[in-house]
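Novice: Provided below for reference: sequence and predicted model.
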Amino acid sequence: MALLKRDLALSVRAGGGFGLALAFFLIVVTLTPFAVGPNSATLATIAAGILWLGALLSCLLSLDRILALDFEDGSLELLATAPIPLEGVATLKAFAHWLTTGLPLTLAAPLLGVLLHLPAEGFFWLTLSLAIGTPALSVIGTFGAALTVGLKRGGLLLSLIVLPLYVPTLIFGAEVARRGTQGMPADTPLALLAGITLATVALLPFASAAAIRINLR
Amino acid sequence: MEMNVTDLAVTRGGMRVLEAVSFRVSAGRAVVLRGPNGIGKTTLLRTLAGLQLADSGSVEPGPEAMAYASHADGIKATLSVRENLTFWAKLHGMLDISNALRDFNLETLVERPAGSLSAGQKRRLGLARMAVTGRPIWLLDEPTVSLDTDSVALFASAVERHLAQGGRAVIATHIDLGLDGEVLQLGPFKAEAPEDPHEDFHEAFL
């Protein structure tokens, strides 16, 4: 609990990066009409996909902060020797990342959907799919950060490792939003999306903790 | 309870750094590690803290009894001194940080952001963290770096207080702290050539 509180405090203080992902998301979404033209029919078809892709990229932006800063100032070593298990540290750090990135993105997405002429039926499904899918992005991202934590300038490698792992979440998340927008039943992709999130939340903290242990040696 | 290190061997980066290290520390005593740079003082402390795996040998008690202070202090620049210390205290299930603040003369600095402290003040904050862990064995790696003479005396008396309460300390340092304890001189084990260099080579990539 103390760790979660500290991570949240750190992220909102100067240089913490809170709002960075959100601002990036906003910019990506506002740039889209410039790139594909202001035709509202075109925008409406791609809106859900663009919002999902934008959320995913913004999430990626803040991943290397999850563990790298703690590694640099020695906190990670001290956390590893603290009574709290490293699996717990990995889970809490992923949760803190989701609270500062995934949650704001989920809340901002419907507002930005307006900019992209997202059809009215789509708002509910888009928000729902992001709310269910973004925790997986944070947990997978923490795992990627754990793998690259000892590396100098590991940010690019981190993106290369993490992006392929984001594919299932992106496919099913965007599918939920697309089907919901077109009025089709979205239960199946929604169940699969939830399944991916639950599986990553359940399993990846152990992998993250193992990766941190090896990188600290 | 006695701290027992028996026949410890540690490999780092495919190179045997420590071999056959044995010592014991009884309650209220300190061990000072000495030896030239690169001899394995930090490796030994990290192994005791459970951050480094030992090839063989045993350490009793386990890492959960150890509080480790490395070269880095683990201080967050944007948090205040109080917030930094409270975080580590809470993490170790302790509530009271006022003793640690007093022992390390940080009371006038509590509301300052840790980023604005001088190197020596940061070091004092990093060492104050040891006092709030509530753990019986302190592992200190070059604790006096960037401390002035007054702070060194302050630190030495804090360690003495810890020892007087039945604690133990293993300290890697080059200066004389005037502590009651043995000196462990680490000798060069690295000089021994590995038996099969090719086997060793592969190990480095495993």
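Specialist: That came through fine.
Novice: list the buried ones in the one helix or strand A:G113 maps to?
Specialist: Using DSSP states H and E, the secondary-structure element containing A:G113 is helix A:103-115. Using 16 or more other C-beta atoms under 10 Å in any protein chain shown as the burial criterion, the residues of helix A:103-115 that qualify are A:L103, A:P104, A:L105, A:T106, A:A108, A:A109, A:P110, A:L112, A:G113, A:L115. Yep, even glycine has a C-beta here, placed from its N, CA and C like the rest.
Novice: just give me the closest of those residues to A:V167.
Specialist: Proximity to A:V167 was ranked across those by C-beta to C-beta; first place goes to A:L105, at 18.3 Å.
Novice: okay but that closest one is in contact with A:P135, surely?
Specialist: No: with the criterion set as C-beta atoms under 8 Å, A:L105 and A:P135 do not qualify as a contacting pair; they are 11.6 Å apart.
Novice: which residues are in contact with the residue of chain A at minimum distance from chain B?
Specialist: Of all residues in chain A, the one sitting closest to chain B is A:G74 (2.6 Å; C-beta to the nearest C-beta). Contact analysis of A:G74 by C-beta atoms under 8 Å, 6 or more residues apart in numbering or on different chains lists B:S70, B:H71, B:A72, B:D73, B:G74.
Novice: which residue is the nearest non-sequential neighbour of B:A20?
Specialist: Nearest-residue entry for B:A20: B:D7, 5.6 Å, with adjacent residues in sequence omitted and distances by C-beta to C-beta, 6 or more residues apart in numbering or on different chains.
Novice: residue contacts, the residue in chain B that chain A sits nearest to?
Specialist: Among residues of chain B, the one nearest chain A by C-beta to the nearest C-beta turns out to be B:A72. It sits 2.6 Å away. By C-beta under 8 Å, 6+ apart, the residues touching B:A72 are A:E72, A:D73, A:G74, A:E77, B:G126.
Novice: buried subset of those residues, written for ChimeraX?
Specialist: The buried subset of the contacts of B:A72, as determined by 16+ other C-beta under 10 Å, is captured in ChimeraX by this line:
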select /A:73,74,77 /B:126
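Novice: I'd like to know which of the contacts of B:A72 is nearest to A:P33.
Specialist: Within the contacts of B:A72, the smallest distance to A:P33 is 39.5 Å, found for A:E72 (C-beta to C-beta).
Novice: can you tell me the closest non-neighbouring residue to that closest one?
Specialist: Excluding the flanking residues, the one nearest A:E72 by C-beta to C-beta, 6+ apart is B:A72, at 7.9 Å.
Novice: and the pLDDT at that neighbour?
Specialist: On pLDDT, B:A72 comes in at 83.
Novice: can you pull the residues of chain B lying near chain A?
Specialist: Residues of chain B lying close to chain A (C-beta under 8 Å from any C-beta of the partner chain) are B:49-53, B:63-64, B:66-68, B:70-76, B:78-79, B:83, B:86-88, B:90-93, B:129.
Novice: which of those count as buried?
Specialist: Of these, these count as buried by 16+ other C-beta under 10 Å: B:49-52, B:63, B:66-68, B:70, B:72-76, B:78-79, B:83, B:86-88, B:90-92, B:129.
Novice: re the thing from before, what about the residue of chain A closest to chain B, distance to B:K90?
Specialist: Taking C-beta to C-beta, to the nearest Å as the measure, A:G74 falls 18 Å from B:K90.
Novice: now swap in B:T108 and tell me
Specialist: Distance, B:T108 to B:K90, using C-beta to C-beta: 23 Å.
Novice: same thing with A:T30?
Specialist: Following C-beta to C-beta, the distance that separates A:T30 from B:K90 is 42 Å.
Novice: again, but for B:Q121
Specialist: Relative to B:K90, B:Q121 is positioned 22 Å away (criterion: C-beta to C-beta).
Novice: same check, this time on B:L45
Specialist: Look at B:L45 and B:K90: by C-beta to C-beta, they are 25 Å apart.
Novice: cool, and A:T188?
Specialist: With distances taken as C-beta to C-beta, A:T188 is found 44 Å from B:K90.
Novice: stretch B:8-23: how far from the chain's middle?
Specialist: Mean-position distance between stretch B:8-23 and its chain equals 18 Å (C-alpha atoms, centre = their mean, to the nearest Å).
Novice: sorry, slip of the keys, the one I care about is stretch A:151-167.
Specialist: Centre to centre, stretch against its chain (C-alpha atoms, centre = their mean), the figure for stretch A:151-167 is 13 Å.
Novice: that one: which residues count as buried?
Specialist: Buried residues in stretch A:151-167 (16+ other C-beta under 10 Å): A:G154, A:G155, A:L158, A:S159, A:I161, A:V162, A:L165, A:Y166.
Novice: a markdown table please, covering these and showing pLDDT, distance to chain B and secondary structure.
Specialist: As requested, these are exported to a markdown table (pLDDT from 0 to 100; distance: C-beta to the nearest C-beta, whole Å; DSSP: H, G, I helix; E, B strand; the rest coil):
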| residue | pLDDT | distance to chain B | secondary structure |
| --- | --- | --- | --- |
| A:G154 | 79 | 18 | coil |
| A:G155 | 81 | 21 | helix |
| A:L158 | 90 | 22 | helix |
| A:S159 | 90 | 25 | helix |
| A:I161 | 91 | 19 | helix |
| A:V162 | 92 | 24 | helix |
| A:L165 | 93 | 25 | helix |
| A:Y166 | 93 | 29 | helix |
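Novice: a markdown table please, covering the residues you listed and showing distance to B:I39.
Specialist: Converted to a markdown table, the buried residues of stretch A:151-167 look like this (distance: C-beta to C-beta, whole Å):
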| residue | distance to B:I39 |
| --- | --- |
| A:G154 | 30 |
| A:G155 | 35 |
| A:L158 | 35 |
| A:S159 | 40 |
| A:I161 | 37 |
| A:V162 | 40 |
| A:L165 | 42 |
| A:Y166 | 46 |
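Novice: have a look at chain A and report its longest helix.
Specialist: Identified as the longest helix of chain A according to DSSP state H is helix A:187-216.
Novice: so which residues of chain A form helices?
Specialist: According to DSSP H, the helices that chain A contains are A:2-12, A:20-36, A:40-61, A:65-72, A:75-81, A:86-97, A:103-115, A:122-147, A:155-181, A:187-216.
Novice: weakest of those helices by average pLDDT?
Specialist: helix A:2-12 (a mean of 79).
Novice: angle of that helix against helix A:86-97?
Specialist: Between the direction of helix A:2-12 and that of helix A:86-97, the angle (axes from the mean of the first three to the mean of the last three C-alpha atoms, to 10 degrees) works out to 40 degrees.
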